[in-house]
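Engineer: make a model of this:
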Amino acid sequence: MRQFVRGGQTVQVPDWREAAGLFPCPDILWQGVWSEVADKTRRSWDVWAATYCALSALAERNLHWYYVGAPLFGMAYVLCVGPTGGNKQLPVDICETLVPENYNKRDGVQSGAGLFPMLVDTSSRAEVKPVRPTLMIMDEWTKLITNMTMQSSTLLDEINSLFHRNRRWNVSRSDREGGGGDRVSQAPILSIFGTTTPEALLSDVSELMVNRGMLNRYLVLPAATREFEYRPKKRMSDPTITLAPLRQELMARLTGYKWGGGESYEDAFSEEAMALNEAWGAPLFRDLMGQNTIEANRKKRLHMYAHHIALVSAWSKRASRVEVEDMEMAIAVIACANRFMDWLYTNDALPLTTVEVGDARLEQIVRERIADRPSYYDRGRLRESLRRQNIPLSKLRKVIDVLLSHGDIMVDPKTMKYVFKGKEEAGNTTQAPSTSTSERRNPFARPEA
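Structural biologist: So this is what the prediction gives:
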């Protein structure tokens, strides 16, 4: 871990040198269009992600299935996170090149109201304006976050509401057309591809944004994880040139190809692919979706992306069913995204503060809360209840681990929540004096003279 100061806050970031060994790119990723792109560029997560986002944008509403109470279309929000100087321009170029020229491509938007003319053909005289399929491509994604934090900005809510939207969209700014008027469009078509650094992600995306569902709408993957090569072993030409013929081929083969028609997503999967999907996904997501913590809220749409990736893979081949190899690709990607998010936030998901609650006071708070509500708090709920104090997760973990190791508290095997070890202790805890971690004697310390 390393620390840096941003906006007056100290933030801890994992050492990127660890990533190469933790997030390898398995061979199953490189099939179909992904293999063709990698042959002309390189095999890395950001190349895979850029190709996936481009295919998703191309699929747009032509891919249409019904998934767990909501429509599932082709569009995707994708974010690659990598260190400064990691050549984030390459995936941006790949994504932009693979998407047809008739697509509306933009590198950002300043406000929620500004989305309307970007996504909608406002020159049309139709009462309900037709949409313009749009791909937002940003080599610094957090400029979008900056615009979301401006006073009275509706950008976060609008981008959230546009995610796989299946109904009309309106922007009402005035009772006069010249002042913006009441404008209505068909359901918009928006895909997003962005890159950023761990420092910017951890410091600029607040917990409030996470809990409002902004981050989990993105498939978040690492950028290139291998070490910098001064003279790369593989020669590479400009992807805007080398991938242009592939774009033409994709346009000829896939433009307008419709698949699904709003039927149940289960109809898209072969029996073998669905069996693999269920055996892998049910245990993972049953546990994840049952949690109400900031850690879980960052990842609560990974189950959607698990199906979406497999569907886009099959659609890009014009296959009639999702087969095992499509599902194996999806599993590899989601496994990486799941681990990567945990790794990014491995120590302090909350910004560190210059004045932190001492161990003794924090122990007292933890004891009092567990005494008041035994079998209610786990680590996530304790942290949520202490959010206003800006207590680092590392400090809370330290205090809980000490209380567990000394037998002061235990985990109730029925509820998997914290309780005091004995009923008698639980009844007397609020009156009992707290023994802080700093006051406990170090068993390895030298005896006092």
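Engineer: can you show me the CA trace of stretch 193-204 as PDB?
Structural biologist: Extracted as PDB, the C-alpha positions of stretch 193-204 are listed here (Å, rounded to 0.1, in the frame of the first residue of the first chain):
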ATOM      1  CA  PHE A 193     -16.100   3.600 -21.900                       C
ATOM      2  CA  GLY A 194     -13.700   5.300 -19.500                       C
ATOM      3  CA  THR A 195     -10.300   5.000 -18.000                       C
ATOM      4  CA  THR A 196      -8.900   6.400 -14.800                       C
ATOM      5  CA  THR A 197      -6.300   5.900 -12.100                       C
ATOM      6  CA  PRO A 198      -6.700   4.200  -8.700                       C
ATOM      7  CA  GLU A 199      -5.900   7.500  -7.000                       C
ATOM      8  CA  ALA A 200      -8.700   9.300  -8.900                       C
ATOM      9  CA  LEU A 201     -11.200   6.600  -8.400                       C
ATOM     10  CA  LEU A 202     -10.700   6.200  -4.700                       C
ATOM     11  CA  SER A 203     -10.600   9.900  -3.900                       C
ATOM     12  CA  ASP A 204     -13.300  11.200  -6.300                       C
END
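Engineer: so E127 versus R61, what's the distance?
Structural biologist: Separation of E127 from R61 (C-beta to C-beta, to the nearest Å): 21 Å. Every residue, glycine included, has its C-beta placed from N, CA and C.
Engineer: where along the stretch 251-400 of the chain do the helices fall?
Structural biologist: 271-289, 294-297, 302-316, 324-344, 359-372, 379-385, 393-405 (DSSP state H, counting those that start in this stretch).
Engineer: how about those, which one is nearest F116?
Structural biologist: Proximity to F116 (C-beta to C-beta) singles out helix 302-316 among those, at 26.0 Å.
Engineer: roughly how far is that closest one from the heart of the chain?
Structural biologist: Distance, stretch centre to chain centre, for helix 302-316: 15 Å (C-alpha atoms, centre = their mean, to the nearest Å).
Engineer: and the closest residue in space to M150 that isn't next to it in sequence, what does it touch?
Structural biologist: Here the nearest residue to M150 in space, its sequence neighbours aside, is S111; by C-beta to C-beta, 6 or more residues apart in numbering that works out to 7.7 Å. Contacts here follow C-beta atoms under 8 Å, 6 or more residues apart in numbering; on that basis S111 touches 147, 150, 153-155.
Engineer: with V324 instead?
Structural biologist: 270, 272-273, 276.
Engineer: P198 too?
Structural biologist: 13-14, 16, 81-83, 344.
Engineer: do I294 as well
Structural biologist: 207, 210-211, 349, 380, 383-384.
Engineer: can you rerun that using 6 Å?
Structural biologist: E207 (C-beta atoms under 6 Å, 6 or more residues apart in numbering).
Engineer: in stretch 125-139, what counts as buried?
Structural biologist: Residues of stretch 125-139 classed as buried under the neighbour-count rule (16 or more other C-beta atoms under 10 Å) are 129, 131-139.
Engineer: out of these, the closest to L202 would be?
Structural biologist: Set against L202, the nearest of the buried residues of stretch 125-139 by C-beta to C-beta is M138 (17.7 Å).
Engineer: what does stretch 400-418 contact?
Structural biologist: For stretch 400-418, contacts defined as C-beta under 6 Å, 6+ apart pick out 370, 375-378, 419-421, 437.
Engineer: out of these, which sit inside strands?
Structural biologist: 419-420 (DSSP state E).
Engineer: buried members of the contacts of stretch 400-418 into ChimeraX, please.
Structural biologist: In ChimeraX, a selection of the buried entries from these looks like this (16+ other C-beta under 10 Å):
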select :370,376,377,378,419,420,437
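Engineer: so where's the stretch 101-250 of the chain uncertain?
Structural biologist: 173-181 (pLDDT under 70).
Engineer: could you dump the contacts of stretch 400-418 to CSV with pLDDT and distance to S320?
Structural biologist: Output for these, formatted as CSV (pLDDT from 0 to 100; distance: C-beta to C-beta, whole Å):
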residue, pLDDT, distance to S320
I370, 89, 55
S375, 88, 51
Y376, 88, 50
Y377, 88, 50
D378, 87, 45
V419, 90, 54
F420, 84, 59
K421, 74, 59
T437, 37, 61
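Engineer: how about the buried residues of stretch 125-139 in JSON lines, adding distance to P117 and secondary structure?
Structural biologist: Shown next, in JSON lines, are those (distance: C-beta to C-beta, whole Å; DSSP: H, G, I helix; E, B strand; the rest coil):
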{"residue": "K129", "distance to P117": "10", "secondary structure": "strand"}
{"residue": "V131", "distance to P117": "12", "secondary structure": "strand"}
{"residue": "R132", "distance to P117": "9", "secondary structure": "coil"}
{"residue": "P133", "distance to P117": "15", "secondary structure": "coil"}
{"residue": "T134", "distance to P117": "11", "secondary structure": "strand"}
{"residue": "L135", "distance to P117": "16", "secondary structure": "strand"}
{"residue": "M136", "distance to P117": "14", "secondary structure": "strand"}
{"residue": "I137", "distance to P117": "18", "secondary structure": "strand"}
{"residue": "M138", "distance to P117": "18", "secondary structure": "strand"}
{"residue": "D139", "distance to P117": "23", "secondary structure": "coil"}
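Engineer: those residues into JSON lines, with extra columns for distance to A310?
Structural biologist: Putting the buried residues of stretch 125-139 into JSON lines (distance: C-beta to C-beta, whole Å) gives the following:
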{"residue": "K129", "distance to A310": "34"}
{"residue": "V131", "distance to A310": "26"}
{"residue": "R132", "distance to A310": "28"}
{"residue": "P133", "distance to A310": "23"}
{"residue": "T134", "distance to A310": "25"}
{"residue": "L135", "distance to A310": "22"}
{"residue": "M136", "distance to A310": "24"}
{"residue": "I137", "distance to A310": "24"}
{"residue": "M138", "distance to A310": "26"}
{"residue": "D139", "distance to A310": "28"}
